[in-house]
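Participant: Predicted model, plus sequence, below.
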Amino acid sequence: MDFTSSKTVTLTDFIFAEQMKHAGASGTFSNVLLSIALGTKIVSRGVNRAGMWDMHGAAGSTNVQGEQVQKLDVYADKVFETTLGRSGEFMAMVSEEREDMFAARMGDSSSQYVIAFDPLDGSSNIDVNVSIGTIFGVYRRLPETEGSSKESLSDFQQPGTAQVAAGYTIYGSSTMFVFTTGSGVNGFTLYPTIGEFILTHPNMQIPEVGKIYSCNEAYFARWSKGVQQYLRKCKDGDGSDEKSKYSMRYVGSLVADFHRTLLKGGIFMYPGDAKNPNGKLRLLYECAPLAFIVEQAGGRAINGVQRIMDLTPENIHQRTPLFIGSRQNVDEVEAAIAAHG
């Protein structure tokens, strides 16, 4: 890569160029994004060296979700607590790994933002070297809580439409940082030798329709008739020829499955079922951030009957079904659910 070329844009370049578009910008929001990016760089290094650092395997505890905590979960959670806390921009944080919200290390009454994050999504796949990731959503503090020196749960009880930034990092064959602030979606690839993210996927747009569906079909019998009907259509096509049939791809890491869907089109589905009527994915720090991204890229995200971005979490670990991806694919599953339940 030619770093002397004016066409090479680093994440830092990009963020400060965006800041210059806003007269009177103080740089606090730029610091928000850069602190998140720093955390992902550190986690990426840990993921790449997990085998050598003896960070594979379970940590010997379970989180608030009842899921077994992996050693890298603990590491990633601590990295983000430290890097985001040091920025001074966040009053409070929510992590998948913690039961309650917690105060940022250097957050005070002047801190304008709160953040919710899944520090290491898909961590059960760590031991088998499958792509995993980080997901985050940033909210501005509510007018009634801004200026207070005490963190408030109400700052996290805002609909997804209130997000001021959302993104994810995927740790795979390369590390990519993808985010939106409400003006499109851009993807940056980590260049390890200089430790900087480089713009490689500007103005990302999801295809209007895709031929890939992604879900755990082992639960097919538990799903509603509408979801089953849609899946039969995906598998059987329209009867005209083999080309009308969809392909199935499922990794089991939400970030990895979503990233493929964003690039290639199609739909990712995690419906509710008889055992888990509200699904298993978390609204605040998994579904809402990805919904913000996919909508900015031209796609849709629903829980089956409602837009994900319109949902307001009643608690920080609230779960929701998720259907997310290309606009036409989500339209079709929505119609199937409306017709068949």
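Facilitator: Alright, I've got the coordinates.

Participant: in the protein, which helix or strand is least confident?
Facilitator: Within the chain, no helix or strand scores below strand 58-62, which has a mean of 53 by mean pLDDT, DSSP states H and E.

Participant: what residue of this structure is the furthest out?
Facilitator: What lies farthest from the middle of the chain is residue 240; by CA atoms, centre = their mean that is 36.8 Å.

Participant: Check for me that that one belongs to a helix.
Facilitator: No - counting by DSSP: H, G, I helix; E, B strand; the rest coil, residue 240 is not found in a helix; it is coil.

Participant: how near is it to residue 233?
Facilitator: Noted for residue 240: a distance of 13 Å to residue 233, by CB to CB, to the nearest Å. For every residue, glycine as well, the C-beta is placed using N, CA and C.

Participant: Ok, residue 117 next?
Facilitator: Residue 117 is 36 Å from residue 233, by CB to CB.

Participant: the more surrounded of these two?
Facilitator: More crowded of residue 117 and residue 233, by other CB atoms under 10 Å: residue 117, with 29 against 17.

Participant: Give me the local confidence score for the more buried one.
Facilitator: You'll see residue 117 listed with a pLDDT of 97.

Participant: Check the secondary structure at it for me.
Facilitator: Criterion first, three-state DSSP; result for residue 117: strand.

Participant: Name all residues that make contact with it.
Facilitator: Contact analysis of residue 117 by CB atoms under 8 Å, 6 or more residues apart in numbering lists 80, 93, 94, 95, 96, 134, 135, 136, 137, 285.

Participant: What is the nearest of those residues to residue 33?
Facilitator: When those are compared for distance to residue 33 (CB to CB), residue 136 wins out at 10.1 Å.

Participant: I'd say the closest one and residue 167 touch.
Facilitator: Yes - counting by CB atoms under 8 Å, residue 167 is a contact partner of residue 136 at 5.9 Å.

Participant: Name the residues contacting each of those two.
Facilitator: Shared contacts of residue 136 and residue 167, defined by CB under 8 Å, 6+ apart, are found at 36, 289.

Participant: More neighbours: the two, which one.
Facilitator: Neighbours per residue (other CB under 10 Å) separate residue 136 from residue 167, with residue 167 holding more: 27 against 24.

Participant: Check the more buried one and give its pLDDT.
Facilitator: The model's pLDDT for residue 167 equals 98.

Participant: What sits closest to it if chain neighbours are left out?
Facilitator: Excluding the flanking residues, the one nearest residue 167 by CB to CB, 6 or more residues apart in numbering is residue 179, at 2.9 Å.

Participant: you'd agree the one you found is in a strand?
Facilitator: Yes - the assignment for residue 179 is a strand, going by three-state DSSP.

Participant: thinking residue 259 is in contact with residue 176, fair?
Facilitator: Yes - between residue 259 and residue 176 there is a contact at 7.4 Å, judged by CB under 8 Å.
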